[in-house]
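J.: Need a 3D model of the following:
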Amino acid sequence: MPIKQYRPVTKGRRISSVQDFSDITRFEPEKSLTHNRKNFAGRTGGKITVRHKGSGHKRLIREIDFLRERFDIPAKIVSVEYDPNRGARIALLIYKDGVKAYLLLPDGMKVGDMVMSSRTSAEIAPGNRLPLEKIPVGTLVHAVELAPGGGAKLARGAGVRIEFMAIEGDMATLKLPSGEIRRVPKSSAATIGTVSNPDWHLVRWGKAGRMRHRGIRPTVRGKAMNPVDHPHGGGEGKHPIGMKYAKTKWGKHALGVKTRRNHLSSDRHILSRRRGNKL
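T.: Residues are numbered from 1 along each chain as shown. Model (predicted):
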């Protein structure tokens, strides 16, 4: 997907860019595979629990099939669609028995291509889904399960992929897009190929109005507030925060603080952290 820029007739247009939707073949979603999206605006019980969320354009949730449990039944891609809830493109599949489903479109695939999910054997081609033990080492995969039958959890974003590095015993070793190296059961399923729309991260939103359409409200700097509202607040004119480390609105450490809980059971499966730090 190339990135499109308009002639800069306004200040917002000058620094912004948009997606090129030339790959989209259908502009209305399959009604039977959608449901309404409830907007909670970052609130739980009426209280703000996640700041800077709210408003946004009305959307429908497209029900993506992350399990793909219709084994050994060929399916045909009949349309490529835009999903406002994610950066990747989605594909509408029609199985040989007439069942319809949505799939994360692998990069390079188009209308008319065939895909299949299997537990035993299938062609090693983009879009096909197999257990990791049935996929050659070194293959690029996405939509990987953390546990067999749990549905795709890893590498579902636009343009991402996972490098399948090795199999040792009952576990497969993967290198994630973040650089983290971890193990998952070799019977976990994965889809071959890279997720579509790799240029998604190059879009420049350009102005606050486009962010509001996405449901993201403005963020005010702490140093622009009063002392009663933020630890960074107060002072005359522009000034540094005046402390050894940045703090959150509630006085806790900010910027670079690890948020992962200690002693999680899954720690034993992480061989290398995303910054290369060993456990």
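
J.: from here on, contacts and neighbour counts on C-alpha atoms
T.: OK.

J.: for the stretch 101-250 of the chain, what spans make up the helices?
T.: 208-213 (DSSP state H, counting those that start in this stretch).

J.: Kindly check the end-to-end length of stretch 96-104 for me.
T.: Terminal residues of stretch 96-104 are spaced 19 Å apart (CA to CA, to the nearest Å).

J.: Show me what that stretch is in contact with.
T.: 33, 62-66, 73-76, 88-94, 156, 195-196 (CA atoms under 8 Å, 6 or more residues apart in numbering).

J.: Keep only those of those that are in strands.
T.: Cross-referencing these against strands under DSSP state E gives R62, A75, K76, I90, A91, L92, L93, I94.

J.: what's the spacing between the residue nearest to the third one when sequence neighbours are not counted and V78?
T.: Computed as CA to CA, 6 or more residues apart in numbering, the closest residue to K76 that is not its neighbour in sequence is M114, at 4.6 Å. Remark: distance between M114 and V78 (CA to CA) = 10 Å.

J.: same thing with N85?
T.: Counting by CA to CA - N85 and V78 are separated by 21 Å.

J.: Neighbour count for these two, which is higher?
T.: Using other CA atoms under 10 Å as the criterion, N85 and V78 rank with V78 on top: 18 against 12.

J.: helices or strands next to the one helix or strand the more buried one maps to in the packing?
T.: In this structure, V78 sits in strand 75-81 according to DSSP states H and E. Here strand 75-81 touches strand 90-95, strand 114-115, going by 3 or more CA pairs under 8 Å, 6 or more residues apart in numbering; DSSP states H and E.

J.: Mind exporting the C-alpha coordinates of it to CSV?
T.: The C-alpha coordinates for strand 75-81 follow below in CSV (Å, rounded to 0.1, in the frame of the first residue of the first chain):
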residue,chain,number,x,y,z
ALA,A,75,-11.3,-21.2,0.9
LYS,A,76,-11.3,-18.5,-1.8
ILE,A,77,-10.6,-14.8,-1.3
VAL,A,78,-13.5,-13.0,-2.8
SER,A,79,-12.8,-9.4,-1.6
VAL,A,80,-10.2,-7.3,0.1
GLU,A,81,-11.6,-4.8,2.6
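
J.: Give me the nearest residue to L93, chain neighbours excluded.
T.: I77 (4.7 Å).

J.: mind checking pLDDT for the one you found?
T.: With respect to pLDDT, I77 scores 93.

J.: Look up how far G234 lies from it.
T.: 58 Å.

J.: for K11, same thing?
T.: Counting by CA to CA - K11 and G234 are separated by 32 Å.

J.: Compare those two (neighbour count), which wins?
T.: Neighbour totals were compared for K11 and G234, and G234 leads with 18 against 10 (other CA under 10 Å).

J.: Verify the stated contact: that one with G222.
T.: No - taking CA atoms under 8 Å as the definition, G234 is not a contact partner of G222, at 9.2 Å.

J.: And the residue sitting nearest the centre point of the chain, its phi and psi?
T.: By CA atoms, centre = their mean, the chain has its centre lying nearest to G157, at 3.0 Å. Here is the backbone geometry of G157 (degrees, to the nearest 10): phi -80, psi 160.
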